[in-house]
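Q: no sequence on this one, just coordinates:
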DNA sequence: CATTTATTGCAAGTCTATTGCAAGTAAAAA
DNA sequence: TTTTTACTTGCAATAGACTTGCAATAAATG
Ligand SMILES: [Mn+2]
Ligand SMILES: [Mn+2]
Ligand SMILES: [Zn+2]
Ligand SMILES: [Zn+2]
């Protein structure tokens, strides 16, 4: 409700909070709280994946006081619920988080100069996975793929 | 010479040390030292990429006393010289290092159970890189690719 | 409203990696 | 070989991301 008042409300966000509460949190004995709403709301309204400290600082600017520890705990809960993906990009000292809700598996490219991160809406690794399973006798469960370089502005 | 005496000597290692000293270290005003020899020697004789603390512990077992700080400084120098690659594998809290010397670009698969890391002697990303440059207008400089799953023993 | 129990904030701790500085030691110069 | 230079090392301290213990707070439920 105070989200409505603050004018940072959207229908998408409303649906996300509803779904998160009923299907995610409540089902696992957890609660929808002020902080979880705030983090979800922020992630919903941001293009770039955010780090814990970025979430912390942005919420501070938005006059929402949440301890950094709570941000860490919150993104971990959201990750457990499958609502958020944790990205550990190369040569960044900290993890980033982005909403998974409604979006499909994809990878990223990152600018080595300014740090901009862009989605790559593709995954070319299905065939390769089979080949690797044959060659190594591993059962492949997951993969990470990331490109880096210079974005249009930084060239 | 004391490497010879200790019996951990090999022709490959001798050549590596020679090359490192003359083309790498000396050319950049650096010196071939006891600790750099020891780290190179260890990496030369190990299949798995090693973390700084693993290098530290292994050298301790080998009765070679090197401070952990020196291990960090050493792998960074070797990385700058292009002799060693730093791997930041997913869900491992620390970097690993492997010899680059004489080996070509490749990727890895890691067992989520036991941590075993196996080389994937392939890189399927040349074509994809062009596509990504066209789509994103980035200039691609680098990429990381890593698989994880369960190794034959851990299935 | 009252009870129950998940969640939060604060302080302190962990873990990997880096930095400052005096002491040590390769390698060049004498 | 001896001296001199300046690169390296070890130790202690520090940084930075993240986690944990615990008392206080606040969702949910009836
Ligand atoms: Mn993304
Ligand atoms: Mn390798
Ligand atoms: Zn850029
Ligand atoms: Zn295994």
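A: Right, received. Where do you want to start? None of these values were measured; they are calculated from a predicted model. Numbers count the residues shown, from 1 in each chain, chains lettered A, B, ... in the order given. Ligands and ions are numbered 1, 2, ... in the order given.
Q: which stretches of chain A form strands?
A: A:50-51, A:84-87, A:96-99, A:107-111, A:117-120, A:139-150 (DSSP state E).
Q: how about these in JSON lines, adding mean neighbour count?
A: For the C-beta atoms, the positions are set from N, CA and C on the backbone; glycine is no exception. Converted to JSON lines, the strands of chain A look like this (neighbours: other C-beta atoms under 10 Å in any protein chain shown):
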{"stretch": "strand A:50-51", "mean neighbour count": "20"}
{"stretch": "strand A:84-87", "mean neighbour count": "18"}
{"stretch": "strand A:96-99", "mean neighbour count": "21"}
{"stretch": "strand A:107-111", "mean neighbour count": "21"}
{"stretch": "strand A:117-120", "mean neighbour count": "18"}
{"stretch": "strand A:139-150", "mean neighbour count": "18"}
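Q: and of those, who's closest to DNA strand D?
A: Shortest distance between DNA strand D and the strands of chain A, using C-beta to the nearest atom of the strand, is found for strand A:50-51: 5.8 Å.
Q: Without its sequence neighbours, what residue ends up closest to the residue nearest in space to the middle of chain A?
A: Nearest to the geometric centre of chain A sits residue A:98, at 1.4 Å (C-alpha atoms, centre = their mean). Leaving aside its chain neighbours, residue A:98 sits nearest to residue A:49 (4.0 Å; criterion: C-beta to C-beta, 6 or more residues apart in numbering or on different chains).
Q: Would you check how far apart that neighbour and residue A:84 are?
A: Going from residue A:49 to residue A:84 by C-beta to C-beta, to the nearest Å gives 9 Å.
Q: which neighbours do the two share?
A: Taking C-beta atoms under 8 Å, 6 or more residues apart in numbering or on different chains as the criterion, residue A:49 and residue A:84 both touch A:97-98.
Q: Mind putting the strands of chain A into TSV with mean pLDDT?
A: TSV is the format used below for those (pLDDT from 0 to 100):
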stretch	mean pLDDT
strand A:50-51	98
strand A:84-87	96
strand A:96-99	97
strand A:107-111	96
strand A:117-120	96
strand A:139-150	96
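Q: Just list the residues touching residue A:98, thanks.
A: Here residue A:98 is in contact with A:43, A:48-50, A:84-85, A:87 (C-beta under 8 Å, 6+ apart).
Q: Of the residues you listed, just say which sits nearest to residue A:146.
A: residue A:87 (8.4 Å; C-beta to C-beta).
Q: separation between that closest one and ligand 1?
A: From residue A:87 across to ligand 1, the span is 7 Å (C-beta to the ion, to the nearest Å).
Q: Is that residue bridged to anything, and to what?
A: residue A:96 (DSSP bridges).
Q: Who are the contact partners of it?
A: A:49, A:95-98, A:108.
Q: ok, those residues vs ligand 2, which is closest?
A: residue A:108 (22.9 Å; C-beta to the ion).
Q: I'd guessed the closest one sits against residue A:116; true?
A: No. If you go by C-beta atoms under 8 Å, residue A:108 and residue A:116 don't touch, sitting 10.2 Å apart.
Q: need the longest helix for chain A.
A: Counting residues, the longest helix found in chain A (DSSP state H) is helix A:68-80.
Q: residues from chain A in reach of DNA strand D?
A: Residues of chain A found near DNA strand D (C-beta under 7 Å from any atom of the strand) are A:21, A:25-26, A:31-34, A:51-53, A:68-69, A:72-73, A:76, A:93-95.
Q: Okay then, goodbye and thanks.
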